[in-house]
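Q: just a sequence and a predicted model for now, questions to come.
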Amino acid sequence: MTVEQPDPKRGDIAVRLLDWYDGSARALPWRVLPGSAKRGDPYRIWLSEIMLQQTTVAAVIPYFGKFTARWPDVVALAEADEGEVMAAWAGLGYYARARNLIACARRVRDEHGGVFPDSEAALRNLPGIGDYTAAAIAAIAFDRPATVVDANVERVVARLFAIRETLPQGKRAIRAAAASITPERRPGDFAQAMMDLGSRICTPRNPDCPTCPLAEHCAGHRLGIAAALPAKPARRPRPQRRGWAYWVERDGAILLVRRPGKGMLGGMRALPGGAWDDELGPAPVETDPTGIAVQHVFTHFALELHLARLPAQSRLAGELAGEWWPIESLDGAGLPTLYAKAARAIAAAGPMEGS
DNA sequence: AAGACGTGGAG
DNA sequence: TCTCCAAGTCT
């Protein structure tokens, strides 16, 4: 790894960035704006950070409001019914986060007296909190000078220092460079400023360098290669999978099951159904194909989910352990998007005879 | 240490 | 339409 000589102006980067942030920080529900006398609430900062993992601010905002209204502090969340938390998370994706959220809240309650630890190391040991989140909470909630590196920071720093190494190999150099510009004062604002800059100006495509407060310090900009950084490996193609889901209806209610705790949509309510494979097998015996299918794209595969009616009194339906959920209040069942979409498709096809 | 793990918005 | 990707973590 090549370590560059410290730029005499390097210390100026944080100053410039914080000045920009002071005038341009976005107001976000979990954020304490610069200049405010208020102190950030570790619970809300933690919750927002977990929700923001791989998720856009716009998607998080309504969920954050819903969670904080219902569970105003970490102990309240620790005491919550797991199923209710999972249902409240439905639609946000990456459901392991919700499982870890509950586990983390309970650890904070049981091992830390209901108070979030304030060190990066202690935070890092909590479920769902990795390198990034531990540093972010330490910096933002506790004013610790932690080096916060997320995808925004990686992009900004790779450009600022013209680090051409492809990710993930380049992460070491990027982290070192990020550490070299992280200030002792206002580390939390600095981290948030880097992320704001990355999401609003130093964007993945078409960075708006003319308005960037760091442009004159940016080696990538000077070399005309900013937009191309950081280099990333090519993606793998996304396979297509197919499977059956069953619509079991009785007295205006449908049968919902709970998916296993790990794996896809783990711990979430779902329509019963079969495995997902490369090819669509024949509709299982006793089922009556509807001809309706929904297409849904996950991160590493696409799914074509075919829907079949299954008589409530059938042997197969009898073997399904689940709960009967009133169709008219299906919105409140907390179904992940795949199954919400499937239910919507059935409803759109019009009412059918119960069996 | 790659691959698993959701979803919706932007270009 | 299609590709990229967003405040990553876990195994």
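A: That came through fine. Residues are numbered from 1 along each chain as shown, chains lettered A, B, ... in the order given.
Q: quick one: residues in contact with the helix or strand harbouring A:Gly243.
A: For A:Gly243, the element it lies in under DSSP states H and E is strand A:240-247. The contact list for strand A:240-247 (Cβ atoms under 8 Å, 6 or more residues apart in numbering) reads A:254-255, A:270-281, A:283-284, A:287, A:290, A:301-310, A:316-317, A:320, A:339, A:342, A:346. Yep, even glycine has a C-beta here, placed from its N, CA and C like the rest.
Q: which PyMOL command selects the buried ones in the residues you listed?
A: Listed next is the PyMOL selection for buried residues among the contacts of strand A:240-247, using 16 or more other Cβ atoms under 10 Å:
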select buried, chain A and resi 254+255+270+271+272+273+274+276+280+283+287+290+303+305+306+307+308+309+310+317+320+339+342+346
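Q: how many other residues sit next to A:Trp325?
A: A:Trp325 has 18 neighbours, counted by other Cβ atoms under 10 Å.
Q: ok but it is inside a strand, no?
A: Yes. Assigned with DSSP: H, G, I helix; E, B strand; the rest coil, A:Trp325 falls within a strand.
Q: contacting residues for it?
A: Counted by Cβ under 8 Å, 6+ apart, A:Trp325 has contacts A:Ala253, A:Ile254, A:Leu255, A:Leu256, A:Arg269, A:Ala333.
Q: picking that back up, so for the strand holding A:Gly243, what gets flagged as buried?
A: The neighbour-count check on strand A:240-247 (16+ other Cβ under 10 Å) flags A:Arg241, A:Arg242, A:Gly243, A:Trp244, A:Ala245, A:Tyr246, A:Trp247 as buried.
Q: and the residues you listed as TSV, adding pLDDT and distance to A:Thr211?
A: Supplementary listing: the buried residues of strand A:240-247 in TSV, determined by pLDDT from 0 to 100; distance: Cβ to Cβ, whole Å:
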residue	pLDDT	distance to A:Thr211
A:Arg241	97	44
A:Arg242	97	47
A:Gly243	97	48
A:Trp244	98	52
A:Ala245	98	49
A:Tyr246	98	54
A:Trp247	98	52
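Q: mind putting those residues into TSV with distance to DNA strand B?
A: Shown next, in TSV, are the buried residues of strand A:240-247 (distance: Cβ to the nearest atom of the strand, whole Å):
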residue	distance to DNA strand B
A:Arg241	10
A:Arg242	15
A:Gly243	13
A:Trp244	17
A:Ala245	13
A:Tyr246	18
A:Trp247	18
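Q: could you list which of those residues also contact DNA strand C?
A: Among the buried residues of strand A:240-247, no residue sits close to DNA strand C (Cβ under 7 Å from any atom of the strand).
Q: show me the longest strand that occurs in chain A.
A: For chain A, the strand with the greatest residue count under DSSP state E is strand A:288-297.
Q: in strands only, show me the contacts of strand A:240-247.
A: Judged by DSSP E, the subset of those located in strands is A:Ile254, A:Leu255, A:Ala270, A:Thr290, A:Ala302, A:Leu303, A:Glu304, A:Leu305, A:His306, A:Leu307, A:Ala308, A:Arg309.
Q: for DNA strand B, what's its nearest residue on the stretch 1-150 of chain A.
A: A:Gly93 (2.7 Å; Cβ to the nearest atom of the strand).
Q: excluding chain neighbours, what is closest to that residue?
A: Nearest residue to A:Gly93, sequence neighbours excluded (Cβ to Cβ, 6 or more residues apart in numbering): A:Thr55, at 6.8 Å.
Q: equivalent analysis for A:Pro34, please.
A: Spatial nearest neighbour of A:Pro34, excluding adjacent residues (Cβ to Cβ, 6+ apart): A:Asp22 at 5.0 Å.
Q: residues contacting the residue nearest to A:Gly93?
A: Contacts of A:Thr55 by Cβ under 8 Å, 6+ apart are A:Leu92, A:Gly93, A:Tyr94.
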